[in-house]
Structure formats: C-alpha cells, structure tokens
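A.B. asks: dropping a prediction and its sequence here:
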Amino acid sequence: MTGIVGYGIGVLVAFPARRWNTPRLTWWRRRHTVRWIAEGVVALAAVGTLAGSLLVAADWQNEIRALMGIEETTGFAYLRTGLLSVAVVAAVLYIVRRLRWVARRFAEFLARRLRVPVAAAHVLAPVILTVAVVVLVDQVLLASSSTATRIVFANDNNSTDPGMEQPQVPERSGSPASPSSRESRGRQGRTFVAYGMNAELLTELNGTPHSNPYGGTRGSRPMTPPTNRCS
C-alpha cells in the first residue's frame with residue numbers, strides 16, 4: 001500500500017511539472033541528462049529505503065522472537081519480503097493501468113454509440129467501472145475464496161492438538177460452564193484457551209493476588225458464513 005500511495009503522489013506531482021514546467025525548459029540542452037540522473041537517484045533512494053526498512057523490521061521481529069524464546073532469523077531473509085512487495089506493486093499498477101485503458105474505451109463507447117456528452121462520458125465510465133470492480137471483488141472473488149478456504153480446512157479445524165485438555169474454569173471459552181461449546185471454538189481457539197495463564201501463575205509473576213483472566217475466542221464453524229460468526 002505504501003508503494004502504491006507513493007506512486008500516486010509521484011504521478012500527481014509530476015503531472016503539473018510535465019504540463020507547465022517542462023515546455024518552458026526546451027532551451028536547456030542538459031535537461032535530459034539531469035532528468036536521467038534524478039530518476040536514477042530516486043530509484044536508488046527507493047531501493048535503499050526499502051532494504052533499510054526491512055532490515056530494521058527484521059531486528060524488531062528478532063527482539064520479539066527473543067522475548068518469546070523463538071529462534072531468530074537473519075535480516076537478509078526478510079529481503080525476500082521486499083522482492084515480493086515489488087512484485088505485488090508491479091502487478092497492482094499493471095491492473096490499474098489496464099482498468100484505466102478499459103475506462104477510456106468505455107467512455108468512447110458511451111460518447112459515440114450512446115450519444116453521451118464527452119465530458120459526462122469520461123466521468124461516468126470510471127464510476128461505473130469502479131462499482132463493477134468493487135462488486136466483482138467483494139461479492140464474487142472474496143466470498144468464493146472464503147467459502148473455499150472454509151471447506152478445504154474444515155477437517156483440520158475440527159481436529160485438536162495433542163495434549164489440549166478442556167478448560168475447567170468458567171472464565172474460559174469452551175469450559176463446562178461456558179455458553180459456547182468446546183467443539184465450536186476451532187483448533188486454534190481450543191489451543192488458545194488451554195494455554196492461557198491462570199491466577200496462580202499471574203500471582204507468582206506479579207507478586208500480587210490475581211483472579212483468573214478471561215479467555216475467549218470467537219469460534220469458527222467451517223460452514224458458517226463470516227457475517228453470522230461475527231454477529
């Protein structure tokens with residue numbers, strides 16, 4: 001998202017410069033050389049900023065891993081995330097440019113075939129295309145992928161990790177006193193409530209009396225729509 005936003009800001013800044021400033025510099029012989037140098041500096045700065053940000057993020061993650069007792073990873077392993085981010089940005093830009101081309105062709109169709117005024121056609125075409133894309137992504141792609149994911153991982157979600165016992169304290173989801181059954185918690189939910197800290201451990205760590213903390217999970221029935229689970 002940062003890359004896409006940065007690209008959009010660059011386009012907004014470059015548009016007035018190319019529209020009004022560049023035509024006034026036609027007399028400057030070295031304008032192309034300066035432009036190439038500036039583009040190279042910006043590209044190197046972008047790559048350096050991306051690599052530096054990933055290395056700093058790797059250090060932060062390793063600090064958390066050390067606190068959690070998890071094996072640390074090398075900072076260079078996180079550079080693969082940068083390559084993936086560049087690929088995602090390139091794919092998104094390609095899709096957006098194709099959609100812009102479709103919007104222009106659609107505007108021409110509205111103006112020529114349906115006799116819509118040119119100005120109105122260039123406003124209506126992007127709006128109609130945007131609504132169509134949002135409906136396609138939200139109602140078709142996301143809904144279908146969510147349903148497929150629930151079906152594929154249904155058996156795994158219904159299993160329980162070895163050694164996970166049902167909690168007995170009433171503050172935990174899935175306990176005998178809980179209104180939510182243990183079977184409806186899902187695999188990760190059952191693991192979460194089984195591993196939670198109890199009052200004795202909190203009292204030992206803090207030196208002051210504590211009551212049992214509440215441990216709740218939303219649950220994830222494989223065939224239940226996400227809207228029903230959230231409600």
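C.D. replies: Noted; the coordinates are in hand.

A.B. asks: SS state for Thr160?
C.D. replies: coil (DSSP: H, G, I helix; E, B strand; the rest coil).

A.B. asks: what values do phi and psi take at it?
C.D. replies: phi -130, psi 140 (degrees, to the nearest 10).

A.B. asks: Val140 and Ala103, how far apart?
C.D. replies: Per Cβ to Cβ, to the nearest Å, Val140 is found 20 Å from Ala103. The way it works is simple: take the backbone N, C-alpha and C, and place the C-beta from them, glycine included.

A.B. asks: quick one: which of the two has more around it?
C.D. replies: Ala103 (18 against 10; other Cβ atoms under 10 Å).

A.B. asks: hmm, Pro126 and the more buried one touching each other?
C.D. replies: Yes: between Ala103 and Pro126 there is a contact under Cβ atoms under 8 Å: 4.8 Å.

A.B. asks: how about the strands in this structure?
C.D. replies: Counting by DSSP state E, no segments of the chain form strands.

A.B. asks: low-confidence ranges, it, go.
C.D. replies: Residue ranges of the chain with pLDDT under 70: 22-23, 25-27, 170-171, 174, 179, 182-183, 195-198, 210-231.

A.B. asks: helices along this structure, start to end?
C.D. replies: 2-16, 31-68, 79-112, 118-135, 143-152, 154-158, 187-195, 199-206, 226-230 (DSSP state H).

A.B. asks: go through those and pick out the most buried.
C.D. replies: helix 187-195 (a mean of 18; mean count of other Cβ atoms under 10 Å).

A.B. asks: how far out from the middle of the chain is it?
C.D. replies: 25 Å (Cα atoms, centre = their mean, to the nearest Å).
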